[in-house]
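In: Output the structure for:
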Amino acid sequence: MDWCYEAGDPLTEEDSSLKDLKIRSGDIFVITEGRLPPKGFLKLPIWLYCPKTQQNSVNHVASHAIALEDNSLQEDVETDLCFVCHIEISKDASLQDLKFQIMTLTVFDAHGIPSPDFLRIWTLDNKRLGKLLRDYKLGINTTLCVELLQMEEILGPQDMLLRVQLSVPGECRYFPSVDIAWNISRGCTASALRQKIANHCSLPVDKVEIAKYFPDKHEWLPISSWTQHVSKKKKKKKTENLQGAPYLLKDGDVIGVKVGFIFCISGFTVLRKL
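Out: Numbers count the residues shown, from 1 in each chain. So this is what the prediction gives:
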């Protein structure tokens, strides 16, 4: 247990001495019921992501998951998450191997998933979707979350997955989100993102205003084009990149879209639940 009184990494090397494990006098341990996974394997918790806008399609899957687990692990109504079970998988398994194993679970097998390309796998951080698994290496304390897709998805290494929400004209609400795979190989800029969204939503690009939603702060940050400038000392152009500060754009981010000639922050309504 660490100084925050949270459980750390489990002790898996049963044949090692306490000295080798760097255990000292005064250390606090958390003892839980269960067994260690075989050597070279990880035991990972699996959650199901079922947002309210998609619950009609995955409701029966969620109900199966709820029936399988104790009440304390059933579902988190605040975050649209539902606990499924734990799985054991090799540390060297690929993302496809992981998806195939998840598909064999009773909960997902009942859904009749056609192929692994109908699944997205995320890490779960503080009950929020974290990183979208691509070539991400799994760790001992990794928690995974499965998102079911209506269509198969094969993302390229330069594709960024964004959730785009178009505001309803004249109302303080949004249409259901639409997932967009944006290829950023030619630049991750505000103008390129605005053009991509305008094309996808069949909107005139000169009337589109966009903003990123920060759920931790419940705030929108308008995304505007930067003016490149030349440093007097280094004489280098500062290249616009939305993946850097202050936007820190990444997979799974929510992008609000407002249509209008004049941008106003009040035009983006705070999302109560994402």
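In: Mark out where each domain of this protein begins and ends.
Out: The chain breaks down into these domains under automatic domain parsing: 41-148, 159-227+238-267.
In: Would you single out the least confident of the ones you listed?
Out: Lowest mean pLDDT within these: domain 41-148, at a mean of 81.
In: For the stretch 51-200 of the chain, which segments are assigned as helices?
Out: The residue ranges that make up the helices of the stretch 51-200 of the chain, judged by DSSP state H, counting those that start in this stretch, are 55-68, 95-103, 106-109, 190-201.
In: partners of the helix or strand that comes right after the last one in the sheet?
Out: Under the assignment DSSP states H and E, the closest C-terminal helix or strand after helix 190-201 is strand 208-214. Strand 208-214 has the following sheet partners, assigned by DSSP bridges: strand 219-222 (antiparallel), strand 254-259 (antiparallel).
In: What angle do helix 190-201 and the last one make with each other?
Out: By that I understand strand 254-259. An angle of 80 degrees separates the directions of strand 254-259 and helix 190-201 when computed by axes from the mean of the first three to the mean of the last three CA atoms, to 10 degrees.
In: Run through who's touching strand 254-259.
Out: Outside strand 254-259, the residues that touch it by CB atoms under 8 Å, 6 or more residues apart in numbering are 162-167, 169, 174, 177, 193, 197, 201, 203, 207-213, 215, 220, 223, 267-268, 271, 274. Yep, even glycine has a C-beta here, placed from its N, CA and C like the rest.
In: rerun at 6 Å
Out: Strand 254-259 has contacts (CB atoms under 6 Å, 6 or more residues apart in numbering) with 162-167, 197, 207, 209-211, 213, 220, 267-268, 274.
In: Tell me the one among the residues you listed nearest to residue 124.
Out: residue 274 (14.5 Å; CB to CB).
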